[in-house]
Structures are given as C-alpha cells and as structure tokens.
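Novice: Give me a model of this one.
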Amino acid sequence: MSLWLGLLAVSGNALLVLRDPWRGVLVYAALALVLPHTSAFGVVITYEILAFPAVVVATAVRRPWIYHPAFHVGLLGFLGLVLLSSLLGTTGHGSALDLIRLQGIIRSVLLLALFREVLDRDGIESVILVAMAVNVLIGLIQLLVPSSAGTFAALYGRPSQGVLARYAAGGFIPRAPGTLGSPVNLGAFALFGLAI
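Specialist: You can find the predicted model right below:
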C-alpha cells in the first residue's frame, strides 16, 4: 500500500476515534490485522505501527485513560522491569541495548491498556470475527491461486519475516499465512479466535 493510502487510513481512523472511541479502536484493531503494509522510503511499516500514535493520542483526548494513577504505576513498573532486564542482558553479554525492540514492548503494553480501557467483550469478538473471515478468504485465495504468491509477498511481506519471500521465490504458497505473514501466526490467531 502506498504511503498516501496509509496516511489516509490513519487520518480516517483517528477521526473515527475522536468521534466514537469504541468504534475507532475496533476499526484500528481490525485494520491492524488485515490491511496490507505501507511502504515508505524503502521501509515496510505495518498499519498497527503507522496508526498507533494517532489512535493513542485521539483516544487519550476523548477518554483520559492514560492519566489514571493505577495505569502509571503498572506501566512504570513494567517499563522498569524491561529496562533492568534489557540492561542486565546486554551488559552481561557485551551487546548493545536494542531500542527498537524496547519501543515495541512499550507499544504493546500501551495497546493492551488501550484495548482494556476502551473495548468490551463484544468489541473484541467483532474484531476477531472480521479478521478471521478476511483471513479465511485470503487463505483460500493463497492456496487455490498459486500465482498469487508474489502479490501477497508484496502486500504482507516484510524483511523480518522471510516466509512470504520464500513462498514468492518458490512460486506458490504451500501453507496459507493469510494476512499475518506466517502460517504459524495465522494458526495461533485462529486457535485464539476459536477459543474466544
């Protein structure tokens, strides 16, 4: 997906969050699971990462969940644990602190807090149902149309996951990864979704 389409989706999603936080966060979660990645300046960015700042800020404007004292204590405690374990792990082995991974952990914690605050069980079930339906459809296309391997590698592949690149090089998809980039991720999501 182009950068302009990605930014348009983010803007629409942020406006929806400002208007109706519940629906906006639902749309964000669903799009994060099914939307193709955005390519910008040679970097592949998932929708979850691209829209994260706008959705969190828009939600905090509408529902000041981020200002709750219990949230601060829990977040600071978790961040302190992550920093301490990262520092101990890196200094003991002579490697550098990986700030990108640390930022990913912080983003995950904020997303869980956001979902806990804004969504209810019906909302979570709706997101999972939509994502599973889209992934069933895309998985069938991937398995029934062998020539789609290159298309799906371009839409959902990223350098950190080489599964789709290997499938594209082979010319077919032996195990459907859906929109999640790997059949293992799709299988784990399907098990989680069926359990919910």
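
Novice: need the contact list for the residue nearest the centre of the chain.
Specialist: In the chain, the centroid-proximal residue (Cα atoms, centre = their mean) is Glu48; its distance is 3.9 Å. Going by Cβ atoms under 8 Å, 6 or more residues apart in numbering, Glu48 touches 32, 111. Bear in mind the C-beta positions are built from the backbone N, C-alpha and C, glycine included.

Novice: try 7 Å this time
Specialist: Ala32 (Cβ atoms under 7 Å, 6 or more residues apart in numbering).

Novice: check which helix or strand covers it.
Specialist: Assessed by DSSP states H and E, Glu48 sits inside helix 47-62.

Novice: Okay, buried residues for that helix please.
Specialist: 47-48, 50-52, 54-56, 58-59, 62 (16 or more other Cβ atoms under 10 Å).

Novice: Same check on stretch 129-141?
Specialist: Taking 16+ other Cβ under 10 Å as the criterion, stretch 129-141 shows 130-132, 134-135, 138-139 as buried.

Novice: Give me the contact list for that stretch.
Specialist: 30, 33-34, 148, 176, 178-179, 186, 190, 193.

Novice: change it to 10 Å
Specialist: 26-27, 29-35, 142, 148, 151-152, 155-156, 173, 175-180, 183, 186, 189-190, 192-194, 196 (Cβ atoms under 10 Å, 6 or more residues apart in numbering).

Novice: average pLDDT for stretch 49-64?
Specialist: Averaged over stretch 49-64, pLDDT sits at 84.
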